[in-house]
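**Q** Need a 3D model of the following:
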Amino acid sequence: DLELPGRQAELVERTARANPRTVVVVNAGAPIRMDWLARVPAVVQLWYPGQECGNALADVLFGDLNPSGRLPQTWPKRLEDTPAFLHYPGENGRVVYGEDLFMGYRYYDAKRVEPLFPFGHGLSYTRFVYTDLRLARAVVRAGEANEVELDVTNAGSRAGQEVVQLYVHDPVSRLARPEQELRAFAKLALEPGETKTVEFRLEPRALSYWDPKFPGWVAEPGEFELRAGASSRDVRACARFRLE
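**A** Residues are numbered from 1 along each chain as shown. The predicted structure follows:
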């Protein structure tokens with residue numbers, strides 16, 4: 001299940017009723033159920049940070065450090081929304097890997113299921129603006145790479161770090177494909193008001209998928225869409241190009 005141990009969820013509910021300015025710190029290594037989320041103003045996902053846990057958490061809570069982490073997994077609203085729910089733990093000692101390619105954010109995109117928190121999600125004490133996503137080539141040929149640039153501005157009053165994520169969407173494919181796939185990411189440190197240009201090199205493999213009939217990696221000609229965002233559900237800029 002996704003439940004907190006014991007009566008911890010009840011503890012969160014009762015504490016938030018007594019003090020509506022409660023910050024919940026989740027010290028866990030996997031997604032949990034958060035039925036109480038709408039009743040608290042903030043949640044910090046701590047994971048398992050080691051012996052400096054207390055000092056690191058205090059720096060974040062008191063604002064001495066601007067948090068900039070991102071979720072490396074999708075957090076579902078309920079257990080039934082998870083990709084493996086219908087297949088695990090299986091029957092007669094046998095588990096069918098029924099998710100195929102559609103694990104993580106790929107499943108939630110394909111099924112149009114709204115997650116609790118999307119893959120790549122994360123907040124900080126400042127905000128960032130994405131502008132001018134541009135490509136070196138509007139048309140690339142087989143075997144060629146494409147260079148991608150994007151301007152990111154810290155529009156807040158605090159220094160911070162932003163994780164820019166680059167997803168590839170293939171509108172038409174002979175085989176079943178995910179709605180989008182993460183192909184590159186970069187982390188930028190920006191002072192208030194500062195703008196930096198992030199650069200990506202999109203290799204031919206980023207446009208390819210494995211075809212078991214071939215067998216081998218296949219890149220089909222046609223149009224592709226690049227999506228730059230702060231998470232899999234927070235796309236800030238798009239651009240298109242063709243593969244010939």
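**Q** State the pLDDT value of the residue of the chain most remote from its centre.
**A** Relative to the C-alpha centroid of the chain, counting by CA atoms, centre = their mean, Asn92 is the outermost residue, at 35.2 Å. pLDDT recorded at Asn92 is 94.
**Q** and what of Ala189?
**A** pLDDT for Ala189: 97.
**Q** Please name the nearest non-neighbouring residue to it.
**A** Gln161 (4.9 Å; CB to CB, 6 or more residues apart in numbering). C-betas here are computed from N, CA, C, even on glycine.
**Q** Give the partner strands of the strand or helix carrying the one you found in its sheet and their orientations.
**A** According to DSSP states H and E, Gln161 maps onto strand 160-169. Paired strands of strand 160-169, with direction, are strand 181-190 (antiparallel), strand 222-231 (antiparallel) (DSSP bridges).
**Q** Can you give me the distance of Glu57 to Gly69?
**A** Not Glu; residue 57 is Leu. Using CB to CB, to the nearest Å, Leu57 is found at 12 Å from Gly69.
**Q** Remind me which helix or strand the closest residue to Asp109 other than its chain neighbours belongs to.
**A** Nearest residue to Asp109, sequence neighbours excluded (CB to CB, 6+ apart): Glu179, at 3.9 Å. For Glu179, there is no enclosing helix or strand under DSSP H and E.
**Q** check contacts around Glu179.
**A** Arg106, Asp109, Ala110, His169 (CB atoms under 8 Å, 6 or more residues apart in numbering).
**Q** Touching, Thr197 and Thr153? I think so.
**A** No - applying CB atoms under 8 Å as the test, Thr197 and Thr153 come out as separate, 10.4 Å apart.
**Q** For this protein, which segments are assigned as helices?
**A** Assigned by DSSP state H, the helices in the chain fall at 8-18, 53-61, 105-111.
**Q** so what's the nearest residue to Tyr130 once chain neighbours are set aside up against?
**A** Of all residues not flanking Tyr130 in the chain, Arg236 sits nearest, at 3.7 Å (CB to CB, 6+ apart). Contacts for Arg236 (CB under 8 Å, 6+ apart) come out as Val129, Tyr130, Ala228, Gly229, Ala230.
**Q** let's go with 10 Å and repeat that
**A** By CB atoms under 10 Å, 6 or more residues apart in numbering, the contact list for Arg236 reads 128-131, 133, 150, 152, 164-165, 227-230.
**Q** can you redo these as a markdown table with distance to Gly193 and neighbour count?
**A** Below are the contacts of Arg236 laid out as a markdown table (distance: CB to CB, whole Å; neighbours: other CB atoms under 10 Å):
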| residue | distance to Gly193 | neighbour count |
| --- | --- | --- |
| Phe128 | 12 | 20 |
| Val129 | 11 | 13 |
| Tyr130 | 15 | 19 |
| Thr131 | 14 | 12 |
| Leu133 | 21 | 18 |
| Leu150 | 18 | 23 |
| Val152 | 12 | 24 |
| Val164 | 18 | 22 |
| Gln165 | 23 | 22 |
| Arg227 | 26 | 20 |
| Ala228 | 21 | 22 |
| Gly229 | 22 | 21 |
| Ala230 | 19 | 22 |
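**Q** closest to Gly120 among these?
**A** Sorting those by distance to Gly120 puts Gln165 at the head of the list, at 5.2 Å, by CB to CB.
**Q** So that closest one sits against Val235, correct?
**A** Yes - counting by CB atoms under 10 Å, Gln165 touches Val235, with 9.1 Å between them.
**Q** Now do the shared contacts for the two.
**A** Common neighbours of Gln165 and Val235 (CB under 10 Å, 6+ apart) are Arg227, Ala228, Gly229.
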